[in-house]
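Chemist: Okay, sequence plus prediction incoming.
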Amino acid sequence: MRSLVVGHSPSLLSGFERPLGVRRRSSQHCRPRSACLQPTRGRRLRIRVSAADSVNNTPSAAINSSASIAPDNKQKTQPASESSPVNRRSSSGTPEQSMLSSENGLIDGEDDVPRPSFFGPSMPSGNQPAAMISPLGPELRKKSWALRSVIKVFSTKVEPNYGQPWQMLPQRSSTASAFVVSTEKRHLLTNAHAVSNATAVYVRRPGMARKFRAQIICEGKMCDLALMTVEDDAFWLGPSGSTNGATSGPGPLKPLNFVDVPELQVPIAVAGYPVGGDSLSVTKGIVSRLALVRYSPAARLLGIQIDAAINPGNSGGPAFADLETGSVAGVAFSKSTGNVDNIGYVIPWRVISHFYEEYEAIGLYRGVPSPGFTTQDLENPAQKKYFKVPEGGSGVLVVRVDPLSDAAGVIKENDVLLEVEGFEVADDGTVEFREDERLEYGHVIRSQHVGDSLHLRLLRDGQELCVKYTLGLKDHLVPLVHGVDCRPSYYIMGGLVFCPLSSPFLEMVFGGTSRRLRRSDIPVPVLSALNKDKVRRQQQVVVLVQVLAHEINSGYKYSVVPVESFNGVKLHNLRHLAALCDSCLEPFLNFGLEGGRVVTLDTSEAVQHSPEVLKLNAIAADRSEDLRQPPTEEELQMWAEVKAESMKIPRESALREQGTSSFLEDEGEDADGVDTLPWDS
């Protein structure tokens with residue numbers, strides 16, 4: 001048995017005033033060499049160290065204890081981890097060389113003090129380590145084979161600018177994670193937001209320096225999943241060659257397999273490439289709960305909440321339920337922000353299979369179906385009695401039906417929804433998921449595919465009835481997802497910039513640098529449109545975004561104001577507004593805004609000076625590409641109906657003024673005799 005004396009000083013291990021690794025200066029202010037060798041004054045801690053304790057790292061714990069109780073230590077050191085240089089061991093059972101030791105076997109700064117035995121053997125000359133065996137033993141490496149299938153993704157993106165839709169946002173780069181789901185089909189799975197709007201995507205395997213070009217073959221923005229493939233064989237097979245029977249580099253990739261939604265408290269290991277380093281990272285946690293999570297503005301789907309760390313760069317990586325078998329519980333995709341800690345979310349296999357099955361069946365992902373109606377909870381006893389819910393019964397009240405969905409002909413307002421696909425609906429709108437677990441009934445509906453039949457049991461005026469209808473996508477009045485139901489679009493007349501209202505537009509204008517939309521900043525007239533349904537196909541909410549200053553529009557300072565009419569005609573969409581302006585023969589252009597306000601421009605001046613306004617603001621065209629196509633026959637008839645409704649004139653008169661070919665054919669006239677329209681020139 002021998003003793004080790006550790007002095008209390010700012011230096012953690014040396015016990016002297018001069019910190020480790022700091023050389024003495026050659027100035028006259030340096031203390032004499034003998035002074036540097038004197039221990040600091042103050043309390044000292046005597047520790048007994050045996051040979052057995054050295055192997056078990058007892059001295060390292062003692063060192064940490066001495067540092068924590070030192071009076072002059074301002075900062076406490078963290079306990080040494082198993083991977084630290086002090087604790088790490090070689091295959092022979094002795095710890096590896098500490099980075100704190102010098103080549104002569106002495107601790108730096110302790111010229112004559114022997115080094116404790118737990119620092120391991122001396123380094124070879126030149127401070128070059130001898131041939132070392134990796135800290136991962138053969139058994140552990142065998143168990144961690146699945147980590148080799150976790151891929152790093154490099155994306156270069158150019159995203160749209162909905163605030164100024166005639167240009168794009170600056171190019172930016174990002175990294176994410178992915179993993180192998182099929183080697184036969186060469187499929188990699190990642191998050192859609194990791195590769196969305198990408199102009200170039202590259203991937204890199206663990207243990208390889210080369211990056212390979214990847215192609216996106218399917219993107220599901222509503223469920224935040226994307227499939228990629230790599231054509232290069234070298235990516236899938238890895239480098240060949242061996243030495244003494246050992247592979248010199250990564251071998252062929254292996255696919256990971258999925259498991260169903262794990263139970264609560266099941267351990268989870270999230271693998272990926274988060275910020276803070278370039279190599280693979282693994283964090284561990286447990287399944288905290290199951291809930292419906294907001295994947296996109298258009299869908300709330302089943303998600304697994306975990307307490308493992310998920311950071312930028314982890315997106316698209318696997319959440320392992322078992323590393324040894326390569327069993328994956330889901331895909332890491334987001335974390336809660338704000339005043340919360342250790343809340344991350346994983347996309348479970350049930351959502352992944354919905355995405356993958358649809359791609360396998362039709363070659364694309366259409367999205368998540370909408371029920372076509374909105375409900376409220378029915379927990380009040382008096383309200384249940386009013387709607388004739390039987391004693392002991394439960395359900396939710398239908399308060400609104402989408403007029404453009406198939407549900408409109410089957411479900412009525414004030415119906416009570418009792419059952420969805422055989423699952424009884426509780427008064428709080430939940431259905432049984434597993435024992436002691438419940439989810440909102442919307443989970444059952446969104447687990448179906450577009451085009452499937454939905455079976456419901458309703459209560460209408462005290463009578464039960466069973467109905468079914470075909471599920472479809474929600475046609476939102478205010479589109480929600482770029483690339484799914486909206487794209488940047490604009491029209492400029494006389495310096496007035498018009499755009500269709502959309503969720504990406506609101507995020508760009510009111511979301512700030514974080515792009516997180518705060519509804520409190522949105523004008524009330526604009527906000528009210530978010531809760532409305534379309535009454536006609538292709539209907540849009542047109543807004544006056546801004547006024548590009550010019551003498552012809554002086555006095556107008558409007559910004560993000562809904563536009564309701566043009567020269568007394570109610571607007572159907574932005575294409576309708578552009579067509580009305582192009583064909584206007586009146587001397588003035590009157591744009592009717594929300595609240596009865598009007599913006600008036602001189603027609604001839606607006607047409608004459610519009611090119612000048614565009615040139616001053618470096619805008620190439622007065623409208624986006626989607627507005628340059630001539631209107632279809634269906635659009636012309638739709639606009640005529642809107643005009644007849646808004647101006648209180650017969651539909652036939654509106655069709656005649658619109659000049660649609662169908663009306664001319666009904667009247668027996670030749671459609672070729674119609675005057676050339678402005679968009680035909």
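Modeler: In hand now; what should we look at?

Chemist: Would you mind pointing out the helix or strand Ala234 falls in?
Modeler: helix 233-237 (DSSP states H and E).

Chemist: quick one: that helix to chain centroid distance?
Modeler: Offset of helix 233-237 from its chain centre (CA atoms, centre = their mean, to the nearest Å): 29 Å.

Chemist: buried residues in it?
Modeler: Buried residues in helix 233-237, counted by 16 or more other CB atoms under 10 Å: 235-236. For the C-beta atoms, the positions are set from N, CA and C on the backbone; glycine is no exception.

Chemist: Show me what that helix is packed up against.
Modeler: Contact partners of helix 233-237 among helices and strands, from 3 or more CB pairs under 8 Å, 6 or more residues apart in numbering; DSSP states H and E: none.

Chemist: Spatially central residue in this structure, please.
Modeler: His193 (4.8 Å; CA atoms, centre = their mean).

Chemist: For Asn197, see how far away the residue lying closest to Pro312 once chain neighbours are set aside is.
Modeler: What sits nearest to Pro312 in space, not counting adjacent residues and going by CB to CB, 6 or more residues apart in numbering, is Val275, at 5.2 Å. Distance check for Val275 against Asn197: by CB to CB, to the nearest Å, it reads 20 Å.

Chemist: With Leu280 instead?
Modeler: Distance from Leu280 to Asn197, by CB to CB: 26 Å.

Chemist: Pick out whichever of the two has more residues nearby.
Modeler: Leu280 (19 against 16; other CB atoms under 10 Å).

Chemist: Once you drop chain neighbours, what's closest to the more buried one?
Modeler: Nearest one to Leu280, counting by CB to CB, 6+ apart, is Pro206 at 5.6 Å.

Chemist: For the host helix or strand of Val545, which helices and strands make contact with it?
Modeler: Element membership for Val545 (DSSP H and E) is strand 542-547. The elements that strand 542-547 packs onto, with contact taken as 3+ CB pairs under 8 Å, 6+ apart, are strand 496-500, strand 561-566.

Chemist: Nearest to Ile151, out of those?
Modeler: Nearest to Ile151 among the helices and strands packed on strand 542-547 is strand 496-500 (38.1 Å), distances taken as CB to CB.

Chemist: outside of the helix or strand following that closest one, which residues touch it?
Modeler: Using DSSP H and E, the helix or strand that directly follows strand 496-500 along the chain is helix 503-510. For helix 503-510, contacts defined as CB atoms under 8 Å, 6 or more residues apart in numbering pick out 160-163, 297, 478-482, 486, 499, 515-518, 521-522, 526, 543, 545, 560.

Chemist: one more time with 7 Å
Modeler: Outside helix 503-510, the residues within contact range by CB atoms under 7 Å, 6 or more residues apart in numbering are 161-163, 297, 478-480, 482, 486, 499, 515, 517-518, 521-522, 560.

Chemist: Ok, stretch 312-326 next?
Modeler: So stretch 312-326 is contacted by 143-144, 146, 150, 153, 175-179, 190-191, 193-194, 256-257, 259, 262, 266, 268-275, 306, 327-333, 346 (CB under 7 Å, 6+ apart).

Chemist: What are the buried residues along that stretch?
Modeler: 313-323, 326.

Chemist: farthest-separated two in the residues you listed?
Modeler: Gly313 and Asp322 (23.5 Å).

Chemist: Which parts of the stretch 251-400 of the chain are strands?
Modeler: Remark: strands assigned in the stretch 251-400 of the chain by DSSP state E, counting those that start in this stretch are 257-258, 267-272, 281-296, 299-306, 318-322, 327-335, 344-348, 373-377, 396-401.

Chemist: The last one vs strand 373-377, what angle?
Modeler: I take that to be strand 396-401. 140 degrees (axes from the mean of the first three to the mean of the last three CA atoms, to 10 degrees).

Chemist: and strand 396-401, what other elements does it pack with?
Modeler: strand 373-377, strand 416-420 (3 or more CB pairs under 7 Å, 6 or more residues apart in numbering; DSSP states H and E).

Chemist: now swap in the fourth one and tell me
Modeler: Counting contacts by 3+ CB pairs under 7 Å, 6+ apart, the secondary-structure elements packed against strand 299-306 are strand 281-296, strand 344-348, helix 349-362, helix 442-446.

Chemist: What average pLDDT does that strand get?
Modeler: Taken as a whole, strand 299-306 carries a mean pLDDT of 93.

Chemist: Contacts for it, please.
Modeler: 222-223, 261, 268, 285-295, 319, 329-330, 343-348, 350-351, 368, 439, 442-443, 446.

Chemist: Kindly report the same for the third one.
Modeler: The list of residues contacting strand 281-296 from outside it, by CB under 7 Å, 6+ apart, reads 221-224, 261-274, 300-309, 345, 437, 439-440, 442-443, 481.

Chemist: So which bits of that strand are buried?
Modeler: Quick answer for strand 281-296 (16+ other CB under 10 Å): 281, 283, 285, 287-288, 290, 293, 295-296.

Chemist: Tabulate those (a markdown table), appending pLDDT and distance to Arg213.
Modeler: Converted to a markdown table, the buried residues of strand 281-296 look like this (pLDDT from 0 to 100; distance: CB to CB, whole Å):
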| residue | pLDDT | distance to Arg213 |
| --- | --- | --- |
| Ser281 | 93 | 25 |
| Thr283 | 93 | 29 |
| Gly285 | 94 | 34 |
| Val287 | 95 | 36 |
| Ser288 | 93 | 38 |
| Leu290 | 93 | 38 |
| Val293 | 92 | 32 |
| Tyr295 | 91 | 28 |
| Ser296 | 87 | 27 |
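
Chemist: Just put those residues in JSON lines and tack on distance to Pro630.
Modeler: Compiled in JSON lines, the buried residues of strand 281-296 are given as follows (distance: CB to CB, whole Å):
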{"residue": "Ser281", "distance to Pro630": "55"}
{"residue": "Thr283", "distance to Pro630": "56"}
{"residue": "Gly285", "distance to Pro630": "57"}
{"residue": "Val287", "distance to Pro630": "56"}
{"residue": "Ser288", "distance to Pro630": "56"}
{"residue": "Leu290", "distance to Pro630": "51"}
{"residue": "Val293", "distance to Pro630": "43"}
{"residue": "Tyr295", "distance to Pro630": "38"}
{"residue": "Ser296", "distance to Pro630": "33"}
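
Chemist: Between all of the residues you listed, which two are separated the most?
Modeler: Going by CB to CB, the pair spanning those furthest: Ser281 and Ser296, at 26.2 Å.

Chemist: contacting residues for Asp521?
Modeler: Per CB under 7 Å, 6+ apart, neighbours of Asp521: Phe510.

Chemist: So what does it have for phi and psi?
Modeler: phi -90, psi -10 (degrees, to the nearest 10).

Chemist: I'd like the distance between it and Leu506.
Modeler: Counting by CB to CB - Asp521 and Leu506 are separated by 9 Å.

Chemist: do Pro160 as well
Modeler: Distance from Pro160 to Leu506, by CB to CB: 14 Å.

Chemist: before we move on, back to that, which neighbours in the sheet does the strand holding Val545 have, and how are they oriented?
Modeler: Partners of strand 542-547 in the sheet, by DSSP bridges, are strand 496-500 (antiparallel), strand 561-566 (antiparallel).

Chemist: Of those, flag the one that's most buried.
Modeler: Ranked by mean neighbour count, the strands paired with strand 542-547 are led by strand 496-500 with a mean of 25 (mean count of other CB atoms under 10 Å).

Chemist: any idea of the angle it forms with helix 503-510?
Modeler: Using the same axes, to 10 degrees: strand 496-500 against helix 503-510 is 140 degrees.

Chemist: ok now strand 496-500, how far from the chain's centre?
Modeler: On CA atoms, centre = their mean, the centre of strand 496-500 falls 28 Å from that of its chain.

Chemist: neighbouring contacts of that strand?
Modeler: Taking CB under 7 Å, 6+ apart as the rule, strand 496-500 contacts 165, 489-491, 505, 540-548, 553, 563, 573-574, 577, 591, 599.
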